[in-house]
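Student: quick check, what structure comes out for this input:
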Amino acid sequence: MNRFERAPLMPGEAVVEYLDGDLKVLRPGHFVRCAVTGVQIPLEELRYWNVEKQQAYATRDAVLMSIGAKNPE
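Tutor: Here you go, the predicted structure:
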């Protein structure tokens with residue numbers, strides 16, 4: 001799914017396969033959860049993920065925390 005494709009949003013959590021520069025929705029839903037904070041990330045706002053770990057992150061700081069950065073600023 002890219003930014004020009006708009007699938008109808010289903011209520012609940014989506015199951016997503018994270019790819020290089022793109023993602024593939026395996027089960028439709030409205031959001032995914034941040035691997036670090038657990039907050040819900042609406043699919044249309046998802047910007048950060050790790051392909052190898054298949055994890056989503058809510059913010060740049062969450063990405064830094066996931067790799068062990070002590071003080072992300």
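Student: where in this protein is pLDDT low?
Tutor: Applying pLDDT under 70 to the chain flags the ranges 1-10, 70-73.
Student: same thing but 90
Tutor: For the chain, residues meeting the criterion pLDDT under 90 lie at 1-11, 68-73.
Student: mind listing what the residue nearest the centre of the chain touches?
Tutor: Centroid-nearest residue in the chain, with Cα atoms, centre = their mean: residue 56, separated by 3.2 Å. The contact partners of residue 56, taken as Cβ atoms under 8 Å, 6 or more residues apart in numbering, are 16, 18, 32-35, 41, 46, 48-49. Heads up, the C-betas are built off the backbone N, CA and C, glycines and all.
Student: quick check: residue 21 vs residue 51, distance?
Tutor: 9 Å (Cβ to Cβ, to the nearest Å).
Student: thinking again about what came up before, let's see which of the contacts of residue 56 end up in strands.
Tutor: 16, 18, 32-33, 41, 48-49 (DSSP state E).
Student: got a ChimeraX select line for the buried ones in those residues?
Tutor: To isolate in ChimeraX the members of those that are buried, counting by 16 or more other Cβ atoms under 10 Å, one can use:
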select :16,18,32,41,48,49
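Student: I'd like the ones in strands among the contacts of residue 56 as JSON lines, with distance to residue 61 appended.
Tutor: Formatted as JSON lines, the ones in strands among the contacts of residue 56 follow (distance: Cβ to Cβ, whole Å):
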{"residue": "16", "distance to residue 61": "21"}
{"residue": "18", "distance to residue 61": "19"}
{"residue": "32", "distance to residue 61": "17"}
{"residue": "33", "distance to residue 61": "16"}
{"residue": "41", "distance to residue 61": "14"}
{"residue": "48", "distance to residue 61": "10"}
{"residue": "49", "distance to residue 61": "15"}
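Student: list the buried ones in stretch 31-49?
Tutor: By neighbour count on 16+ other Cβ under 10 Å, the buried set for stretch 31-49 is 31-32, 34-36, 41, 43, 46, 48-49.
Student: tell me which two of the residues you listed sit farthest apart.
Tutor: The distance between the two most remote of the buried residues of stretch 31-49 (Cβ to Cβ) is 17.9 Å, for 36 and 43.
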